[in-house]
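A.B. asks: Give me a 3D structure for the following:
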Amino acid sequence: MQIKSVIRILGLLLMLFSLAIIPPIIVSTIYQDGEIWSFFYALILIFVSGLLLWLPAMQAKTDLKLRDGFIIVVLFWFVLSTFASLPMLLSNSLNLSITNALFESVSGLTTTGATIINNIDDLPKSILFYRQYLQWLGGLGIIVLAVAVLPMLGVGGMQLYKAEVAGPIKNKITPRITETAKWLWIVYLIMTFLCGVSYYFAGMDVFDSICHSFSTIAIGGFSTHNDSFGYYNNQWIELVAIFFMIAACLNFSLHYLAFKSKSILPYKKDNEAYFFIFLVLLISFLTVMYIYSFSPEMNSKEIIKNIFYAVSISTTTGFTNSSYYAYIGFLPILLILFSFIGGCAGSTAGGMKVIRVMLLLKQGYRELVRLVHPNSKIKVKVGNNVINERTLETIWGFFAIYVIVFLTVLLLLMLSGLDFLTSFSAVAATINNLGPGQGDVLYNYANISDMNKWILSFSMIVGRLEIFTLLVIFIPDFWKK
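C.D. replies: Sure, this is the predicted structure:
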């Protein structure tokens, strides 16, 4: 492992992240909310820490290996989560403990949306902005952003991209990885802008439009109000959210290709997108039919509320409205189970990803056919593309480890004294980067113990890095030369 190169890049990334503290400082200046110095001190601490890491290793120019990429990505998510908590830790209005500040920071950067804050409506504007902004930065991945910038500083990005980008199949939409990262962020920016403008014309004020565009496109779930989207009670705002939540759950490469070709043909050719849309329609239909069976007098506004509820939870966004708290039992658990699927690979959504579930189902069906025809040679295909056996083995391995990690965290929470419903929903909500749960974490995570918050913080990062990226560093062979 190239230790000096790893330290040098960590330092560069931290200094780069310190610049991300400038927008909240501007917001604090505009609204005069008294948080300027909290952010300013945090900026200085982050920049100086990055500089101290970079200076001793500034001459290290060795090319990165894939192993180095994994180390940098894992270390950076833990280090960044720690430093990103500084503004909240230094804020007098929040008065958070180290554990709570770190939990909120991890939840933001991993786009989970789980919160420990009770009085969101009373927070300073700059803190509200910062929470949403963290989700936006974490949505497409700060490492992917860094890949677009670091080559200008003499650091290649291929290994970072391979270690960070989610999904079993990594799409390079341009020949150069740096150009790929840049174009993904351009698409991300355009979608965020369009979402914010749409929210504004649907009825949000400018500040809320900007903030909610961040968390919508990031599939994050943080809101500027305690009641989340229930605060607005506006069907047009919910319709905008439904559209952009679905759009952000599609592979961003498709958005780029559609933008470049000025055609919807890339979406039509993508089987994963078709299957995802089918799942969204299915869960929306099941939700409306289930609620209709109890309330046949539902009007169009209530139907939209319930579709919003279904889409938000199943896509791992985690926005809530009045419908979210109105039901217990079957429906919330059904939606949480759908959140295990999440969105498409190459999107900002959490969960296992649609392509993996598709291939698991196809592989399972192939094994059933083989029971009837043991000698048959059946290939697993997605469209006209034959999936190689190595990819299928990787996906089954991912699924097995995913289940093991889920059960381990579940048992740890139950060992601490939490009931099954709270433990199950909390693990599902964090490892799938969903946010809201059931039981004691229905409204927020403020009332669980500090130990459980540390466990769930780890679960959020494991989910964000899609299991393998984090757990691979615990394999003895990883450290062998």
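
A.B. asks: Give me the most central residue, the chain.
C.D. replies: By CA atoms, centre = their mean, the mean C-alpha position of the chain lies nearest to T111, the distance being 3.8 Å.

A.B. asks: Can you get me a residue count around the closest residue to that residue other than its chain neighbours?
C.D. replies: For T111, ignoring the flanking residues on the chain, the nearest one in space by CB to CB, 6 or more residues apart in numbering is G220 at 4.2 Å. (Each C-beta comes from the backbone N, C-alpha and C, glycine too.) For G220, the neighbour count with other CB atoms under 10 Å is 33.

A.B. asks: Please, which helix or strand holds G220?
C.D. replies: For G220, there is no enclosing helix or strand under DSSP states H and E.

A.B. asks: what residues are up against it?
C.D. replies: Residues in contact with G220 (CB atoms under 8 Å, 6 or more residues apart in numbering) are 108, 111-113, 132, 135-136, 138-139, 214, 317-318, 435.

A.B. asks: Please apply the same query to T29.
C.D. replies: I36.

A.B. asks: That one: which element?
C.D. replies: Short version, using DSSP H and E: T29 is in helix 22-31.

A.B. asks: returning to that earlier point: any idea how far the residue nearest to T111 is from Y325?
C.D. replies: Distance check for G220 against Y325: by CB to CB, to the nearest Å, it reads 20 Å.

A.B. asks: follow-up on the earlier one: so which of the contacts of G220 belong to helices?
C.D. replies: Among those, the members found in helices (DSSP state H) are G108, Q132, Q135, W136, G138, G139, F214.

A.B. asks: Please convert those to a markdown table, extending it with distance to F458, pLDDT and neighbour count.
C.D. replies: As requested, those are exported to a markdown table (distance: CB to CB, whole Å; pLDDT from 0 to 100; neighbours: other CB atoms under 10 Å):
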| residue | distance to F458 | pLDDT | neighbour count |
| --- | --- | --- | --- |
| G108 | 16 | 95 | 31 |
| Q132 | 23 | 97 | 25 |
| Q135 | 19 | 96 | 26 |
| W136 | 23 | 95 | 25 |
| G138 | 16 | 91 | 26 |
| G139 | 20 | 88 | 25 |
| F214 | 25 | 97 | 23 |
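
A.B. asks: For V74, state which of those residues is nearest.
C.D. replies: Of all the ones in helices among the contacts of G220, V74 sits closest to G138, with 14.7 Å by CB to CB.

A.B. asks: leaving aside the residues next to it on the chain, what's closest to the closest one?
C.D. replies: Per CB to CB, 6+ apart, closest to G138 is L109, 3.8 Å.

A.B. asks: what about that neighbour, neighbour count?
C.D. replies: Neighbours of L109 (other CB under 10 Å): 25.

A.B. asks: could you check the distance from it over to L134?
C.D. replies: L109 is 5 Å from L134, by CB to CB.

A.B. asks: G50 is in contact with G11, isn't it?
C.D. replies: Yes - counting by CB atoms under 8 Å, G50 touches G11, with 4.6 Å between them.

A.B. asks: what about Y188, neighbour count?
C.D. replies: Neighbour tally, Y188, other CB under 10 Å: 23.

A.B. asks: and it, what element?
C.D. replies: Using DSSP H and E, the element containing Y188 is helix 177-202.

A.B. asks: Show me which parts of that helix are buried, residue by residue.
C.D. replies: Neighbour-count burial for helix 177-202, counted by 16 or more other CB atoms under 10 Å, picks out 177-178, 180-185, 187-188, 191-192, 194-196, 198-200, 202.

A.B. asks: for stretch 115-134, same thing?
C.D. replies: Here stretch 115-134 shows 115-117, 120, 123-134 as buried, counting by 16+ other CB under 10 Å.
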